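Enquirer: I'd like to go over a predicted model; first the sequence, then the structure.
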Amino acid sequence: MEHTKKKTAFDRRKFLKGAAAAGAAVLGTTVAGRFIGGTGEVSACIRPPGALMEEEFLSACIRCGRCGDACPNQCIQPFTEETSAIHAMKPGRGQRNTPVIFPRQQACMLCGAVDSEYLLCTDACPTGALQKTKKEVEAIQDQVKMGLAVVDKQLCYSFNGASCGICVRACPFEGKALRAGMWEKPLVDPEYCVGCGLCERACVRYPQAIHVTPRGVFGEV
Amino acid sequence: MKFEIHKLQVLRRATQIGVLLLMLSVPAISRYGNYVAAYDIDGRLEDWKGTLAGTALTVIDGTFRKLPGGEVERVGEMVRSREGVLRYAQGIYGGPWSFEIAGVSMSDPLGAFESILARKHVAYVVAISLIIPIVLTLLFGRVFCSWICPMGLLLELTDKIRSILRFLEIRPRNVKFLRGTKYALLAVGLLLTTITAVPILGYAYPPAIINREGHDLIFNAFDRAETGLSGLSIAGLTWMSLILLAIVVFEVLVSRRWWCRYVCPGGGLYSIIGVARPIRVALVESKCTHCSDCVVACPLGLNPKNDQMGIECDNCGACISSCHDDALKYALPQWQACRKRK
Ligand code: SF4
Ligand code: SF4
Ligand code: SF4
Ligand code: SF4
């Protein structure tokens, strides 16, 4: 008896409850987009190799972390407040949990130490946010542009009377992307620099005198 | 039939737990690969002996070395093959949100659709990663929820807390909301994803959160080990774990399995994809005594005794094993027809 009564009388209450739940859900999604995904301006940051341009990258990437699992080099981190604070950065709108590289902490070695056909992170990505890149000089030169190394002549030892050149030795495209000039002065060729950050990682100066500037900061770079 | 169903339940629970363990071992395998790649593994195994990180590495190392090609002979002794173990370590990525093993890639359709809608472009790799999940869902319906999802497992276990509370005469409430909410949330979420061009549902979707938090927790354990600390620490988690906690607390105190029944956009999507599943729970009306045990058993709050599970049944089989009269079974219409013809 009560059962049937309930069935006919429920409508309004159930509808209101449902409407409240639906409202809460919509609010939830908005909050998710606005806050969970990060707020504020999009930070310029170094993405793993083969990444789409930032805006499209943020659309394609599902924040699954597979690229980070695949990296043999521990250089890909999720972009969160926790991981980025020591680098004086903060995930901006939609950037939380996206894969990011902090070269000074650990730079991308372009999968140099392992035997693989592709750059492993690009092979692991299920969405094409990182585009599959063959581990060959031409392919890397063609498809990888994580950023551009820039030397701070005020800080660099070689520009201040003490020949150093450590960074030049660290560059996987030594002689092309990073060349030693007079007194080992590091000279970057934007044409060849892929922005891997091995130079920044190797620099003996503190704070680092050579720094990879994320692409996008210099327009098309 | 009865016996087999119980076996199936055991298999299902084992799979759920296996998925959870596999998910937690992926980051450990990733670190193992890092140490092998850096020629550092023997040092780590030695230094971390007995700690959590060390034990994990030892187990992974032992397993990979036993697999074919994991060892090579050197001066009469079998030693680790760096290439061999690295190949295994590089064969497994991800978790329940998106997973790859031995080159087979699978993504949660929710994630894949979001990526496609946000980018407004169907990448080849996304399409490939959708095949297995979609085929399984077309055949079996929402089985991701009953066999794979770690949140499903967690909520099934917290269901037991509800029973304990009931036993203690503390009656947890069981508020019912509208089931349509999850479809509304799915639609609104996908729309916002398309407009904002950022896949936002994945941020609040439990399997994705658990996937990320699980990784964070284990990676943090290794970071701790690298700095001389041992064990797990909740410092490895982010505040997003609080979302999971909130879901669980609400489940225990307010509404049974509320997330999966009313809210989960992924569950909604799986339901829609599995709308025409051939394999479903069916009622043998002549045997049913209308005891309603199945109604109580159904974690999703459906009504098997009226044979009205609709699209939301996740084929978990809880109702079948609860039935004392053998009135419920999995119906495999086509297969049975074939057998009869023989
Ligand atoms: S190219 Fe290799 S080393 Fe560089 S980020 Fe990708 S996986 Fe890591
Ligand atoms: S593997 Fe691809 S989709 Fe996943 S987090 Fe990395 S870039 Fe994003
Ligand atoms: S200059 Fe620096 S960032 Fe550029 S390719 Fe060489 S090492 Fe990499
Ligand atoms: S390693 Fe640093 S200090 Fe030395 S040359 Fe390079 S940029 Fe200058």
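Expert: Nice, I can see it. Ligands and ions are numbered 1, 2, ... in the order given.

Enquirer: Give me the domain ranges for chain A.
Expert: Each domain of chain A is listed here as a residue range: A:39-144, A:146-221, per automatic domain parsing.

Enquirer: Need those in a markdown table (columns: distance to B:Val249 and mean neighbour count).
Expert: Where C-beta positions appear, they are placed from N, C-alpha and C, glycine not excepted. Listed next are the domains of chain A as a markdown table, based on distance: least, C-beta to C-beta, whole Å; neighbours: other C-beta atoms under 10 Å in any protein chain shown:
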| stretch | distance to B:Val249 | mean neighbour count |
| --- | --- | --- |
| domain A:39-144 | 24 | 21 |
| domain A:146-221 | 41 | 18 |
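
Enquirer: nearest to ligand 2, of those?
Expert: Ligand 2 lies closest, by C-beta to the nearest ligand atom, to one member of these: domain A:39-144, at 3.2 Å.

Enquirer: In contact with whichever residue of the stretch 151-300 of chain B sits closest to ligand 3, which residues?
Expert: Residue of the stretch 151-300 of chain B nearest ligand 3, by C-beta to the nearest ligand atom: B:Glu226 (24.8 Å). Not one residue lies near B:Glu226 by C-beta atoms under 8 Å, 6 or more residues apart in numbering or on different chains.

Enquirer: re the thing from before, switch the domains of chain A over to JSON lines; also include mean pLDDT and distance to B:Pro278.
Expert: Below are the domains of chain A laid out as JSON lines (pLDDT from 0 to 100; distance: least, C-beta to C-beta, whole Å):
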{"stretch": "domain A:39-144", "mean pLDDT": "90", "distance to B:Pro278": "28"}
{"stretch": "domain A:146-221", "mean pLDDT": "87", "distance to B:Pro278": "48"}
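
Enquirer: Present those domains as JSON lines; the columns should include distance to B:Gly111.
Expert: As requested, those are exported to JSON lines (distance: least, C-beta to C-beta, whole Å):
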{"stretch": "domain A:39-144", "distance to B:Gly111": "4"}
{"stretch": "domain A:146-221", "distance to B:Gly111": "24"}
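
Enquirer: Please identify which of these is closest to ligand 3.
Expert: Judging the domains of chain A by C-beta to the nearest ligand atom, what sits closest to ligand 3 is domain A:146-221, at 3.2 Å.

Enquirer: Just want to check the distance between B:Met240 and B:Gly267.
Expert: 19 Å (C-beta to C-beta, to the nearest Å).

Enquirer: more neighbours, the two?
Expert: When B:Met240 and B:Gly267 are compared for neighbours, B:Gly267 comes out ahead with 29 against 20, by other C-beta atoms under 10 Å in any protein chain shown.

Enquirer: Starting from the helix or strand hosting the more buried one, tell me the next helix or strand along the chain.
Expert: According to DSSP states H and E, B:Gly267 maps onto helix B:265-273. Counting by DSSP H and E, the next helix or strand C-terminal to helix B:265-273 is strand B:280-283.

Enquirer: In this structure B:Asn315 contacts B:Lys329, no?
Expert: No - B:Asn315 is beyond contact range of B:Lys329, at 11.9 Å (criterion: C-beta atoms under 8 Å).

Enquirer: Quick check: A:Ile36 touching A:Gln95?
Expert: No - counting by C-beta under 8 Å, A:Ile36 stays clear of A:Gln95, with 11.3 Å between them.

Enquirer: is it fair to say B:Gly94 lies in a strand?
Expert: Yes - B:Gly94 sits within a strand when classified using DSSP: H, G, I helix; E, B strand; the rest coil.
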